[in-house]
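S.K.: sequence unavailable; structure follows:
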């Protein structure tokens with residue numbers, strides 16, 4: 001086959017072939033995880049990003065190189081999931097910019113486009129790290145340009161550059177110690193080479209992506225309807241308010257409010273304290289708080305009424321559109337998973353919640369849609385996961401509203417940041433206040449091992465509980481109670497005062513109570529509280545401050 005002249009049809013084949021290859025190798029890429037925990041989702045994120053990219057090809061009429069590349073770039077950007085998906089979208093964006101408006105291109109132009117692609121991806125990452133997908137992309141771009149200077153066949157040029165790309169991939173553990181320690185190569189780099197190999201195979205054999213798209217569609221499952229949940233409440237009222245008082249009173253107020261309800265979230269900065277709780281005695285809650293200062297922004301909601309309204313709204317899903325909410329100056333968008341976690345964010349004033357987290361990274365398009373839905377002039381985004389900060393930044397560039405990112409990398413940090421939000425301040429000042437607080441929160445996570453492993457001298461068996469802190473494994477064992485307590489012991493410092501536990505979907509109330517009492521007994525000097533988070537994957541999220 002003469003591949004010297006590259007048409008739009010051939011570029012289309014490359015991207016479709018890349019998707020077909022990801023379909024086959026997604027799980028293999030996911031397994032290239034540094035730790036044996038259930039958050040290896042690089043393959044899944046790349047696959048879903050490519051699904052969105054290739055679907056966009058169905059919307060175009062022209063098959064010029066420029067129009068095909070532009071469509072794939074748009075689809076990948078809107079569908080980008082996680083850091084790997086965003087970096088892939090930036091590679092495709094750079095490629096598309098290099099061939100913009102071209103009907104067809106030469107092999108040399110194809111190679112130069114990959115140089116632009118790598119440069120664009122590097123610019124998109126604030127602090128590029130070598131030994132990652134970026135390194136593999138850069139070295140592939142260098143190799144393909146060297147090969148294109150010698151050869152005229154696209155097949156030979158691509159095959160040569162892919163071979164060099166794999167040599168670079170094998171060197172990634174030497175560039176990134178965490179990879180070497182885990183005995184794996186970089187998952188994003190592997191994913192990129194799988195895409196390129198799939199593209200080359202498609203050029204040779206005419207492989208497409210239609211079967212992949214059909215497969216992706218057929219795997220959808222229906223979740224349980226919220227209508228099946230009951231409307232019984234131990235505490236009827238949701239109370240939230242701002243208290244103009246010295247923030248040092250927060251712990252004392254919490255102690256006084258404990259007998260009056262549950263789901264207490266209280267914190268403050270300077271002379272402002274923010275409170276949320278559930279209670280059957282909202283009047284007594286207000287009286288307690290008023291002793292310490294002046295009350296502002298008091299909201300008392302009957303949760304049974306809210307439940308009935310939500311139930312009626314769901315039943316009437318074919319009815320009229322609800323009346324638009326009153327516009328506010330600053331809207332807040334947060335990423336969260338778990339019914340309890342989502343309720344906490346909503347009670348603290350979050351306007352839009354994007355369903356997502358460690359193993360379910362929402363695409364850039366969901367961030368864009370949520371920003372647009374918020375009836376506010378300016379928007380703050382809480383990504384609440386390190387893999388979502390880059391996607392939030394990309395969404396910021398795609399909307400006309402002023403958007404600020406508070407780079408929260410965990411749920412507890414996002415909740416703590418919300419306690420400092422002040423609607424009377426501007427969006428930039430709020431972002432600064434909220435961001436400053438992130439460094440004051442220590443966060444631990446308890447999950448489970450998906451495979452046997454040996455990390456830092458620790459023998460880990462599949463199914464063991466794992467306690468993580470600052471990206472390191474701190475506790476391992478077959479007992480959830482022991483791992484949670486052991487991890488908490490390691491995190492607590494001499495200056496800390498408060499431990500907050502967020503129990504996951506798989507933790508029973510009885511188990512939660514046992515763990516709470518054990519930590520309280522071990523640390524009588526600490527204030528220890530627990531909330532039902534309902535989050536997947538993580539049995540516990542632990543906040544210490």
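M.R.: Here it is on my side, so go on. Fair warning: this is a prediction, and the values are worked out from it, not measured in the lab.

S.K.: so where is the stretch 301-450 of the chain shaky, pLDDT-wise?
M.R.: 305-326 (pLDDT under 70).

S.K.: 50 instead, please
M.R.: Applying pLDDT under 50 to the stretch 301-450 of the chain flags residues 314, 317-322.

S.K.: got a pLDDT number for the nearest residue to residue 301 once chain neighbours are set aside?
M.R.: Spatially, and ignoring its direct neighbours in sequence, residue 301 is nearest to residue 238 (4.5 Å; CB to CB, 6 or more residues apart in numbering). To be clear about C-beta, it is placed using only N, CA and C from the backbone, and glycine gets the same treatment. What the model reports for residue 238 is a pLDDT of 82.

S.K.: repeat that for the one 10 residues further on.
M.R.: Residue 248 carries a pLDDT score of 80 in this model.

S.K.: could you look up the SS state of it?
M.R.: Look at residue 248: counting by DSSP: H, G, I helix; E, B strand; the rest coil, its state is helix.

S.K.: the residue nearest to residue 301: how many residues sit nearby?
M.R.: 22 (other CB atoms under 10 Å).

S.K.: residues touching it, list them.
M.R.: By CB atoms under 8 Å, 6 or more residues apart in numbering, the contact set of residue 238 is 276-278, 299-301, 303, 306, 347.

S.K.: now the helices for the stretch 201-350 of the chain?
M.R.: In the stretch 201-350 of the chain, the helices defined using DSSP state H, counting those that start in this stretch lie at 210-218, 250-257, 282-290, 303-315, 339-347.

S.K.: over to the stretch 1-150 of the chain?
M.R.: Going by DSSP H, counting those that start in this stretch, the stretch 1-150 of the chain shows helices at 8-30, 42-55, 65-79, 82-98, 107-124, 133-148.

S.K.: average pLDDT for the second one, rounded please.
M.R.: It stands for helix 42-55. 91.

S.K.: what packs against it?
M.R.: helix 8-30, helix 65-79, helix 82-98, helix 187-205, helix 210-218 (3 or more CB pairs under 8 Å, 6 or more residues apart in numbering; DSSP states H and E).

S.K.: elements contacting the longest one?
M.R.: For helix 8-30, the contact count by 3+ CB pairs under 8 Å, 6+ apart identifies helix 42-55, helix 65-79, helix 187-205, helix 210-218 as packing neighbours.

S.K.: nearest to residue 398, out of those?
M.R.: helix 65-79 (7.6 Å; CB to CB).

S.K.: now do that closest one against helix 82-98, angle only.
M.R.: Calculated by axes from the mean of the first three to the mean of the last three CA atoms, to 10 degrees, helix 65-79 forms an angle of 160 degrees with helix 82-98.

S.K.: mind checking the pLDDT average for helix 65-79?
M.R.: 92.

S.K.: contact partners of it?
M.R.: Contacts for helix 65-79 (CB under 8 Å, 6+ apart): 6-9, 11-12, 15, 48-57, 59-60, 85, 88-89, 92-93, 95-96, 99-105, 363-365, 368, 394, 398.

S.K.: and the gap between the residue nearest to residue 301 and residue 263?
M.R.: Computed as CB to CB, to the nearest Å, the residue 238 to residue 263 distance reads 8 Å.

S.K.: what's the overlap in contacts for these two?
M.R.: By CB under 8 Å, 6+ apart, the residues touching both residue 238 and residue 263 are 276-278, 347.

S.K.: among these, which lie within strands?
M.R.: 276-278 (DSSP state E).

S.K.: go through the residues you listed and name the one nearest residue 417.
M.R.: residue 276 (13.9 Å).

S.K.: tell me which strands and helices the helix or strand where residue 168 lies is in contact with?
M.R.: Element membership of residue 168, judged by DSSP states H and E, is helix 154-175. Secondary-structure packing of helix 154-175 (3+ CB pairs under 8 Å, 6+ apart): helix 107-124, helix 133-148, helix 177-182, helix 187-205.

S.K.: so which elements touch the longest one?
M.R.: To tie it back to what came earlier, the one meant is helix 187-205. helix 8-30, helix 42-55, helix 82-98, helix 133-148, helix 154-175.

S.K.: kindly report the same for the third one.
M.R.: Counting contacts by 3+ CB pairs under 8 Å, 6+ apart, helix 177-182 packs against helix 154-175, strand 453-455.

S.K.: just the buried positions in the longest one, please.
M.R.: For helix 154-175, a neighbour-count test (16 or more other CB atoms under 10 Å) marks 154-155, 157-162, 164-166, 168-169, 171-173 as buried.

S.K.: what does stretch 416-433 give?
M.R.: 416-422, 427, 430-431, 433.

S.K.: out of these, name the ones that lie in helices.
M.R.: 416-418, 427, 430-431, 433 (DSSP state H).

S.K.: how about the helices and strands packed on helix 187-205 in JSON lines, adding distance to residue 540?
M.R.: Output for the helices and strands packed on helix 187-205, formatted as JSON lines (distance: least, CB to CB, whole Å):
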{"stretch": "helix 8-30", "distance to residue 540": "24"}
{"stretch": "helix 42-55", "distance to residue 540": "24"}
{"stretch": "helix 82-98", "distance to residue 540": "23"}
{"stretch": "helix 133-148", "distance to residue 540": "31"}
{"stretch": "helix 154-175", "distance to residue 540": "31"}
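
S.K.: out of those, which gets nearest to residue 501?
M.R.: Closest among these, using CB to CB: helix 82-98, at 27.0 Å.

S.K.: re earlier: closest to residue 44 among the shared contacts of residue 238 and residue 263?
M.R.: residue 347 (31.4 Å).

S.K.: can you give me the pLDDT of the spatially closest residue to the closest one that is not a sequence neighbour?
M.R.: Closest residue to residue 347 apart from its sequence neighbours, by CB to CB, 6+ apart: residue 276 at 4.5 Å. You'll see residue 276 listed with a pLDDT of 76.

S.K.: likewise residue 146?
M.R.: pLDDT, residue 146: 96.

S.K.: that one and residue 474: what is the separation?
M.R.: Applying CB to CB to residue 146 and residue 474 gives a distance of 46 Å.

S.K.: and what of residue 42?
M.R.: 24 Å.

S.K.: higher neighbour count, these two?
M.R.: residue 42 (28 against 21).

S.K.: distance of the more buried one from residue 157?
M.R.: On the measure of CB to CB, residue 42 and residue 157 end up 27 Å apart.
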